[in-house]
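1. Attaching a predicted model along with its sequence, questions to come.
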Amino acid sequence: MTEKLLQVDDLAVAYPRKGFRRGATEILHGVSFDIDQGKTLGVVGESGSGKTTIGRAILGLAPITRGTVTFDGVDITRAARSKRASLAADLQVVFQDPFSSLNPAMEIGQILAEPLEIQKVGPTESRARVAELLDRVGLPANAITRLPREFSGGQRQRIAIARALALRPKLIVCDEPVSALDLTTQARVLDLFLEIQQDLGVSYLFISHDLDVIRHISHEVAVLYRGDVVEHGRSTAVTADPQHPYTQRLLLASPLPDPDKQSERRALRARMAEDERLADVAGGDR
Ligand SMILES: Nc1ncnc2c1ncn2[C@@H]1O[C@H](COP(=O)(O)OP(=O)(O)OP(=O)(O)O)[C@@H](O)[C@H]1O
């Protein structure tokens with residue numbers, strides 16, 4: 001049996017209402033899912049559905065009002081600060097924007113060595129690990145003396161991935177990590193994520209608004225709609241035969257014109273039109 005690395009149970013998050021002394025706006029209304037070791041859960045949903053908030057809650061950066069987040073056997077919503085700090089290396093993040101997530105004044109070698117220094121890794125081992133990380137993400141060894149601005153968007157995202165891998169984490173929260181990239185670069189970076197997972201057994205919580213991206217990268221998918229998980233299942237099943245009307249709409253809006261899926265989508269559109277027609281007829285009969 002595969003071990004559960006992350007278990008999220010009935011997670012609710014609420015932010016205090018701006019301009020009010022009391023009251024809070026609930027963003028997540030009790031979401032539950034888990035992630036096995038070495039697997040990927042894709043979280044998909046439209047803008048504002050709460051995807052980033054899920055990632056932030058797992059990283060301890062959002063106000064959790066209910067539920068539990070158990071990471072590697074520890075309930076991090078109730079664990080002491082010292083215990084959470086000891087888990088920090090195992091839980092890393094890659095953000096959407098590789099331009100703002102890398103310090104523009106630091107050379108790549110420094111950016112990658114920084115987390116190692118914090119973990120008190122000595123200089124000789126650190127140099128070897130930085131070289132290994134660059135190789136791992138397909139960047140040349142001479143990148144160490146260069147600055148982020150000397151790299152393209154895709155290369156910068158590779159640097160951000162290398163930085164996330166520096167401490168050999170068990171889980172990486174990937175928050176729209178390919179959304180700022182063109183389609184060809186997206187595909188290459190997604191393949192890198194897959195290759196890394198195959199080699200290192202790392203798990204991903206992979207957030208995206210794009211069902212095609214999620215289909216490519218995830219074993220399972222959770223569809224988030226206005227702070228609730230409305231559909232959850234194996235990625236192939238959910239994307240081939242979505243059950244919830246919201247997932248069906250997301251699939252139709254999916255931006256990649258995948259030729260193999262064209263006829264499938266036409267059939268789905270026809271089925272939805274027919275469902276709507278029947279609903280109209282039923283409504284008219286009442
Ligand atoms: N710090 C905050 N304070 C108050 N409200 C917030 C805060 N952060 C997010 N929200 C609200 O929570 C809701 C969900 O935001 P979130 O960023 O999680 O959505 P998302 O699905 O990731 O959207 P996007 O794809 O646009 O990033 C939004 O209505 C947002 O305005």
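-> Yes, it's here.
2. From now on I want contacts and neighbour counts done on CA atoms only, so please keep to that.
-> Will do.
3. what's the burial count for Leu133?
-> 22 (other CA atoms under 10 Å).
4. what sits up against the helix or strand it falls within?
-> If you go by DSSP states H and E, Leu133 is part of helix 123-136. With contacts defined as CA atoms under 8 Å, 6 or more residues apart in numbering, helix 123-136 is touched by 109, 112-113, 116-117, 140-141, 143, 159, 162-163, 165-166, 196.
5. and these, which two are the farthest apart?
-> Largest separation among the contacts of helix 123-136 by CA to CA: Glu117 and Ile196, giving 23.0 Å.
6. Neighbour count for the two, which is higher?
-> Of the pair Glu117 and Ile196, Ile196 is the one with more neighbours under other CA under 10 Å, namely 17 against 13.
7. Without its sequence neighbours, what residue ends up closest to the more buried one?
-> Closest residue to Ile196 apart from its sequence neighbours, by CA to CA, 6 or more residues apart in numbering: Val202 at 7.4 Å.
8. Now do the same contact list for the one you found.
-> Val202 sits in contact with Gln37, Gly38, Lys39, Pro169, Lys170, Leu171, Ile172, Ile196, where contact means CA under 8 Å, 6+ apart.
9. quick check, nearest of those to Pro245?
-> Among the contacts of Val202, and counting by CA to CA, the member closest to Pro245 is Lys39, at 26.6 Å.
10. what about the closest one, neighbour count?
-> Residues near Lys39, counting by other CA under 10 Å: 23.
11. Ok, Ala187 next?
-> 15.
12. Let me see the backbone angles for it.
-> Here is the backbone geometry of Ala187 (degrees, to the nearest 10): phi -60, psi -40.
13. how much space between it and Arg21?
-> 47 Å (CA to CA, to the nearest Å).
14. Restricted to helices, list the contacts of helix 123-136.
-> Gly109, Leu112, Ala113, Leu116, Glu117, Ile159, Ala162, Arg163, Leu165, Ile196 (DSSP state H).
15. what's near enough to touch the fifth one?
-> Taking CA under 8 Å, 6+ apart as the definition of contact, the neighbours of Glu117 are Ser126.
16. Check which helix or strand Val221 maps to.
-> strand 220-225.
17. Direction included, what does that strand pair up with?
-> strand 40-44 (parallel), strand 228-234 (antiparallel) (DSSP bridges).
18. Please enumerate residues in contact with it?
-> 33, 40-46, 49-51, 214, 229-236, 238, 246-247.
19. just the buried members of these?
-> When those are checked for burial by 16 or more other CA atoms under 10 Å, the buried set is 33, 40-46, 49-51, 214, 229-233, 235-236, 238, 246-247.
20. near the ligand too, which of those?
-> Among the buried ones among the contacts of strand 220-225, the ones lying near the ligand by CA under 6 Å from any ligand atom are Glu46, Ser49, Gly50, Lys51.
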